[in-house]
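Asker: mind folding the following:
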Amino acid sequence: MNKSVLLTGMLSCQFISNVPSAILLSKFTMDYESLIVAVNIGSLGTLISSLASLITLKHYLKAEKNIVKYILLYTIINMLFLLVLLLYIFIF
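Answerer: This next block holds a predicted model:
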């Protein structure tokens, strides 16, 4: 797998979400296998990295009002999972 495609894909997902990242980056690479892995793994991390994350936030806010707690906990847990998967890819 192309490591630059993986890193670029994962990083872009943190800012513009995984589906727009896949569409945007597909114009710049022919290594679709790496791109698919990158945007799937990249959907972890920040709250905007996946539309599903925003949907869970909406449901959480119906029951709880502490958005800061949710965002902090969500980001920490997802960044840890992202780091584990990133290390796995680069080691193996």
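
Asker: and the helices in this protein?
Answerer: 3-16, 18-25, 32-42, 51-63, 67-91 (DSSP state H).

Asker: ranking these by burial, who's on top?
Answerer: With neighbours taken as mean count of other CB atoms under 10 Å, these reach their highest mean count in helix 32-42, at a mean of 20. Glycine gets a C-beta too; all of them are placed from N, C-alpha and C.

Asker: hmm, who's touching that one?
Answerer: Contacts to helix 32-42, defined as CB atoms under 8 Å, 6 or more residues apart in numbering, come from residues 1-2, 5-14, 18-19, 21-22, 25-26, 29, 49, 82, 85-86, 89.

Asker: now it against helix 18-25, angle please.
Answerer: With axes from the mean of the first three to the mean of the last three CA atoms, to 10 degrees as the basis, helix 32-42 and helix 18-25 are set at 150 degrees to each other.

Asker: mind checking pLDDT for the residue nearest to residue 21 when sequence neighbours are not counted?
Answerer: Counting by CB to CB, 6 or more residues apart in numbering, residue 21 lies nearest to residue 12, which is 4.2 Å off, once chain neighbours are set aside. Residue 12 is assigned a predicted lDDT (pLDDT) of 98.

Asker: what sits against residue 12?
Answerer: Contacts of residue 12 (CB under 8 Å, 6+ apart): 21, 24, 25, 42.

Asker: that one and residue 23: what is the separation?
Answerer: Residue 12 is 11 Å from residue 23, where distance means CB to CB, to the nearest Å.

Asker: cool, and residue 35?
Answerer: Applying CB to CB to residue 35 and residue 23 gives a distance of 10 Å.
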